[in-house]
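Test case, fold it:
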Amino acid sequence: MTEVETNIDPAERQKFDDIAASWWDPDGESRPLHDLNPARLAYIAERAEIKDASVVDVGCGGGILSESMAALGAKVTGIDVADKALSVARLHLHESGVQVDYQQSTAESWAQEHPASAGIVTCMEMLEHVPDPASVVTACASMLVEGGHLFMSTLNRNPASFVVAILGGEYITRIIPRGTHQYERFIKPSELSAWLRAASMKTAEITGIHYNPLDRTARTGGSVNVNYIIHAVKLSSQA
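Have a look, this model is predicted:
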């Protein structure tokens, strides 16, 4: 295994392979991803021109966001390390009719092979599942052209997120498979912002993502105490 391929937790990869078969079931184990997708897609579309953009969706899983961006006219490459999830993503293209290039790769490997090649990079709910999230941030930044847009979502590390995401999501409502999250891997916005600065990215906005599992609605804005999304822009090398 090469150095750029070591930022993988085999147990985390297995979790997502285990739910691969039900990825596109809106009432299955990936239900929250389906419910959150419209809000995330709208947030991205309001801040970057998606049509005809070269997009890399890092940690694409079964392709829910990847397909949505492709349907808006983006040229999307979805990368992930979970091969079963990618197989499901490729299979679903026959049903949806959109075009996405799915590749099995880490963010680090893809950045090394395709530097400064994307206008938009997305990385949703993936950072908290890798041993070294700062390495993923650096890799995502490396994929972008100057002025390119990076969108990342993850979970804040505080008592509120523990109660909502783990106790509420995994044990009370059980809408998320038990063991999906590890609290110690949640990321404070200040930590993510620091990694972005170190990677020559300028944070444009940090805002909350709010999900109501009862009526299955999601919106962006407001508090970042639990789930949040960050929009950053690649700085010019002359900046």
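
contacts and neighbour counts: CA atoms only from here.
Fine.

Which strand residues bridge the residue nearest to the spatial centre of the chain?
Ranked by distance to the mean C-alpha position of the chain (CA atoms, centre = their mean), the top residue is M124 at 1.5 Å. Residues in a beta bridge with M124, per DSSP bridges, are S153.

contacting residues for it?
Each residue near M124 by CA atoms under 8 Å, 6 or more residues apart in numbering is listed here: 58-60, 151-154.

Next, the buried residues of stretch 28-41.
Neighbour-count burial for stretch 28-41 flags 29-37, 39-41 (criterion: 16 or more other CA atoms under 10 Å).

ok, the residues you listed vs D215, which is closest?
Comparing the buried residues of stretch 28-41 against D215 with CA to CA places D35 closest, at 9.7 Å.

can you redo the buried residues of stretch 28-41 as JSON lines with pLDDT, distance to N225 and secondary structure?
Formatted as JSON lines, the buried residues of stretch 28-41 follow (pLDDT from 0 to 100; distance: CA to CA, whole Å; DSSP: H, G, I helix; E, B strand; the rest coil):
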{"residue": "E29", "pLDDT": "80", "distance to N225": "24", "secondary structure": "coil"}
{"residue": "S30", "pLDDT": "83", "distance to N225": "22", "secondary structure": "coil"}
{"residue": "R31", "pLDDT": "85", "distance to N225": "22", "secondary structure": "helix"}
{"residue": "P32", "pLDDT": "85", "distance to N225": "18", "secondary structure": "helix"}
{"residue": "L33", "pLDDT": "87", "distance to N225": "19", "secondary structure": "helix"}
{"residue": "H34", "pLDDT": "92", "distance to N225": "22", "secondary structure": "helix"}
{"residue": "D35", "pLDDT": "91", "distance to N225": "20", "secondary structure": "helix"}
{"residue": "L36", "pLDDT": "91", "distance to N225": "17", "secondary structure": "helix"}
{"residue": "N37", "pLDDT": "96", "distance to N225": "20", "secondary structure": "helix"}
{"residue": "A39", "pLDDT": "96", "distance to N225": "18", "secondary structure": "helix"}
{"residue": "R40", "pLDDT": "96", "distance to N225": "17", "secondary structure": "helix"}
{"residue": "L41", "pLDDT": "98", "distance to N225": "21", "secondary structure": "helix"}
